[in-house]
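Undergrad: fold the following for me, if possible:
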Amino acid sequence: MELQTLDTAKELDTTLQHLSRPLLPKVLQVQQGIVRATHDFMFRKGLTQLMPLMLSPITDPLNHGVVDATIGYAEQRWSLTKSMIFHKQLALLNPGLSSIYIISPNVRLEFADRAGTGRHLFEFTQIDFEFKGKDRFFVMEFMEELVNFVFARLNKEIPELLLELRGELLPQFEKWPVFRTEKLEAALGPDYEHIKSEEMTTPFWLLNHKREFYDKEDPAKQGTYLNYDLIWPEGFGEGLSGGEREHEYHQIRKRMADVGTNEEAFSHYLTVAKEGGLPKTAGAGFGVERMTRFICRLKDVDEVTAFSRKPFTSAIF
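TA: Model (predicted):
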């Protein structure tokens, strides 16, 4: 009991130190500015905002393992939302919706091996967006424009704060470089993403990741995938993930078999696809905390949070 009390006191002290950091209010102002500017950008571009879902019978299976986060309710299993990828696609079934965005809390209970990356939280906020009838080129240009819009807005609204936090105002980036994962890996080895991120002074795109079944396989070249990641420069790593979506029933089942997805868990989703109901869409989602970390040049994304959400660590709040 005494040991437990001492451990709890230590955890409380650590939590209060994290919450009381002098830097925190300044970082939160930057984060608030990102969200405010993004809302304005989405409104100007005509996207409709959806409210987030925190529980669903289906959620993103991810391309890496996490601790299961499900509960029983109403005689079925519900998952805490890892991302709203399927709900974005399904929402665009409505003929009156052509483009949507969501400020979506995501819960991904990462294992201990991600605790020291500086890029992972077990709970974070993602701004998701999706377009009906668009392709990856449209989405990539949209995100490039969004970043420049947000950065210009922050330069205008909080220049003194940016100078204090990062030593300079935010740049306006021209057309971003584009790389393919297989070529970078062949040239730089398995840590290619981190190595290239440290080399670069501008954001860049990484194409062709083999991952979740919903990322579209190129119909003209089997084994090539029409997806993309935004990689922040200066070693800050991945900031966005997106792709064109599989929407045809037989191709979805093929991709599920390729990556070992349990069809039963997505039976209703497959029924919609079989009946020809899934629209052709493309989209992405970027992490608000990761963008904040890049802007503020922070060592660890956990420095962005008021309450620590570092993977696989205990918490009292």
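
Undergrad: could you use CA atoms for every contact and neighbour count after this?
TA: Will do.

Undergrad: got the phi/psi numbers for F179?
TA: phi -130, psi 160 (degrees, to the nearest 10).

Undergrad: burial measure for it, as a count.
TA: F179: 15 surrounding residues under other CA atoms under 10 Å.

Undergrad: again with R136
TA: With other CA under 10 Å as criterion, R136 counts 19.

Undergrad: and L184, what is it in contact with?
TA: Shown in contact with L184 (CA atoms under 8 Å, 6 or more residues apart in numbering): Y192, E193.

Undergrad: how far away is it from H64?
TA: 21 Å (CA to CA, to the nearest Å).

Undergrad: same check on K221?
TA: Going from K221 to H64 by CA to CA gives 25 Å.

Undergrad: show the contacting residues for P52.
TA: Here P52 is in contact with M84, I102, I103, S104, P105 (CA under 8 Å, 6+ apart).

Undergrad: out of those residues, which are buried?
TA: For those, a neighbour count by 16 or more other CA atoms under 10 Å gives the buried set as M84, I102, I103, S104, P105.

Undergrad: test my guess that the second one contacts M42.
TA: No: because the distance of 10.2 Å does not satisfy CA atoms under 8 Å, I102 is recorded as not touching M42.

Undergrad: name the residues contacting each of those two.
TA: By CA under 8 Å, 6+ apart, no residue touches both I102 and M42.

Undergrad: could I get the full set of strands for the stretch 51-200 of the chain?
TA: For the stretch 51-200 of the chain, applying DSSP state E, counting those that start in this stretch gives strands covering 55-56, 70-73, 76-80, 99-107, 123-132, 178-180.

Undergrad: and the fifth one, what does it pack against?
TA: This means strand 123-132. Applying 3 or more CA pairs under 8 Å, 6 or more residues apart in numbering; DSSP states H and E, one finds that strand 123-132 contacts helix 85-91, strand 99-107, strand 281-287, helix 288-296.

Undergrad: again with the third one
TA: Based on contacts counted as 3+ CA pairs under 8 Å, 6+ apart, the elements that strand 76-80 packs against are strand 55-56, strand 70-73.

Undergrad: and the shortest one, by the same measure?
TA: Identification of packing neighbours for strand 55-56 by 3+ CA pairs under 8 Å, 6+ apart yields strand 76-80.

Undergrad: got the angle between the strand it packs on and strand 99-107?
TA: On the basis of axes from the mean of the first three to the mean of the last three CA atoms, to 10 degrees, strand 76-80 is oriented at 100 degrees to strand 99-107.

Undergrad: residues contacting strand 76-80, please?
TA: Contacts of strand 76-80 (CA under 8 Å, 6+ apart): M54, L55, S56, P57, I58, T59, A69, T70, I71, G72, N106, V107.

Undergrad: and it, which residues are buried?
TA: Those buried within strand 76-80 under the rule 16+ other CA under 10 Å are W78, S79, L80.

Undergrad: so what's the residue nearest to the first one when sequence neighbours are not counted up against?
TA: Using CA to CA, 6 or more residues apart in numbering and skipping the chain neighbours, the partner closest in space to W78 is P57 (4.5 Å). Under the criterion of CA under 8 Å, 6+ apart, the contact partners of P57 comprise Q76, R77, W78, S79.

Undergrad: dump those residues to JSON lines, plus distance to T201.
TA: JSON lines is the format used below for these (distance: CA to CA, whole Å):
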{"residue": "Q76", "distance to T201": "48"}
{"residue": "R77", "distance to T201": "45"}
{"residue": "W78", "distance to T201": "42"}
{"residue": "S79", "distance to T201": "39"}
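
Undergrad: out of those, which comes closest to K26?
TA: S79 (34.1 Å; CA to CA).

Undergrad: from D7, how far out is that closest one?
TA: The value you get for S79 to D7, if CA to CA is used, is 31 Å.

Undergrad: before we move on, what about Q29?
TA: 33 Å.

Undergrad: same question, Q32
TA: Q32 is 34 Å from D7, by CA to CA.

Undergrad: same question, T70
TA: Taking CA to CA, one finds T70 at 28 Å from D7.
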